[in-house]
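A.B. asks: One predicted model, sequence on top.
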Amino acid sequence: MGCRAGVSNGQDQRTIATGHRTVASASYVTGTHNVKFGIDRSFGWARVYTERQADLIQSYQNNRPTSVTVFSTPGARDVYVNYDLGYYAQDSWTMKRLTLNMGLRVDNFRSMYEESANPPGRFVPGRFFPERRNIPNWNNDLAPRLSGAYDLFGNGQTALKASWSKYYERLTGGFGNTYAPRVQ
């Protein structure tokens, strides 16, 4: 029979974040076309602070110490999303019983982490991490979309539909955080 106990297993991690988002679109409608243009932009920062009481975890088995895990806390990291920007154009074109939807979205993303200094901990000295930009810097990723619907009987109740699209996952400061200096 074993158990895991320790001086502290208490990690305190706080995240302070702010994000800003701007979305705009405009449409132009004619008899057979519905054209839409738009933009979607977000940016912001996240600061993550990590502390751990006593900076270690002691493990026991049968009331005997078996190992200790030491952490390099306290630590902080500052991640900033410079931009997560997408702009698009799409057209819905109706020809009798067939409706085609065609569109193209262009995605761009850039983030960074700011320079930071972590104070000394129980087992580590103070540490300094320089700023690192362009983690990553992706521009002009094309995401086309195409779909169609055909009204089988002309009464608007039964339709045959097909579509094909490419999408990029929305990214946040968490992506840049992957490359930020870590507290281990």
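C.D. replies: Noted; the coordinates are in hand.
A.B. asks: CA atoms of the strand or helix carrying Asn108 as CSV?
C.D. replies: Here Asn108 sits within strand 98-113, counting by DSSP states H and E. Taking Å, rounded to 0.1, in the frame of the first residue of the first chain, the C-alpha atoms of strand 98-113 are listed here in CSV:
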residue,chain,number,x,y,z
LEU,A,98,-29.6,26.2,-57.6
THR,A,99,-27.8,28.4,-55.0
LEU,A,100,-24.0,28.5,-54.9
ASN,A,101,-22.0,30.0,-52.0
MET,A,102,-18.4,30.9,-52.7
GLY,A,103,-16.0,32.6,-50.3
LEU,A,104,-12.4,33.2,-49.4
ARG,A,105,-11.0,34.1,-46.0
VAL,A,106,-7.4,35.2,-45.4
ASP,A,107,-6.0,34.5,-41.9
ASN,A,108,-3.0,36.2,-40.3
PHE,A,109,-1.6,35.6,-36.8
ARG,A,110,1.4,37.0,-34.8
SER,A,111,2.2,36.7,-31.1
MET,A,112,5.2,37.3,-28.9
TYR,A,113,6.3,37.1,-25.2
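A.B. asks: any idea of the pLDDT on Gly2?
C.D. replies: Per-residue pLDDT puts Gly2 at 42.
A.B. asks: circling back to that earlier point, what lines up beside the very next helix or strand once past the strand holding Asn108 in the sheet?
C.D. replies: Once strand 98-113 ends, the next helix or strand along the chain (criterion: DSSP H and E) is strand 116-118. Neighbouring strands of strand 116-118 in its sheet, by DSSP bridges, are strand 127-129 (antiparallel).
A.B. asks: After the partner strand, heading C-terminal, what element do we hit next?
C.D. replies: strand 137-151.
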